[in-house]
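In: got a sequence here, can you build the structure:
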Amino acid sequence: MKLIVETPRLLLREVDESDADGFFEMDSDPEVARYVGNVPVESREKCLEIIRFVQDQYLAFGMGRWSVLLRETGEFLGWCGPKRMVDSGINGRADFVEVGYRFMRRHWGKGYATEAARATLAYGFDVMKLPEIVAYADVRNEASVRVLTKIGLNRGNDFEWEGKTHAWFEKKRNID
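Out: Next up, the predicted model:
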């Protein structure tokens, strides 16, 4: 379990199998799945498959989503982090690094997504030296669009993906 980033309220660390119950609570909730193009998961075993997939991304790309824990208690809140998207074709792009996040519904509206995504951007630019980080969100997901704007990503075009209109966001690393 490798700790990646600490913020005033959060710990971001590599995902591991101990997160399966938290993943299941989060990903089985239809409201959490509403804008992300996934159907709610139906088993803890499916969550273990997702966790193993993310762990494989660490090996393949040196990055992947991180578990987000409440610093004070260690409680699992959700995930956030960079993901390498290769040959995705999303918005006509083939290879990019995307910041994404997902939190349990009971932790919505507390600023955790903004705090974790802002820390991910800083880590991506300052530590990983990524030249650009992008994100996209279903335009109907107003909360997510607000988070991406708050963390300083610039809104680009709207595009169709999986039958829904999404907004594209991006930011390039400042090179001194």
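In: how many neighbours does Val86 have?
Out: Other residues lying near Val86 total 9 when counted by other C-beta atoms under 10 Å. For glycine as for every other residue, the C-beta is placed from the backbone atoms N, C-alpha and C.
In: so what's it up against?
Out: For Val86, the contact set (C-beta atoms under 8 Å, 6 or more residues apart in numbering) comprises Ala94, Asp95.
In: partners of the longest strand seen in the chain in the sheet?
Out: Criterion DSSP state E: the longest strand present in the chain is strand 76-86. The strands beside strand 76-86 in its sheet (DSSP bridges) come out as strand 66-70 (antiparallel), strand 95-103 (antiparallel).
In: closest to Pro82 out of those strands?
Out: Nearest to Pro82, of all those, is strand 95-103, at 5.1 Å by C-beta to C-beta.
In: ok, Ala94 - how many residues close by?
Out: Ala94: 10 neighbours (other C-beta under 10 Å).
In: I meant Arg65, not that one.
Out: Arg65: 25 neighbours (other C-beta under 10 Å).
In: for it, phi and psi?
Out: Dihedral angles of Arg65 (phi, psi; degrees, to the nearest 10) stand at phi -60, psi 150.
In: I appreciate the help and will end here.
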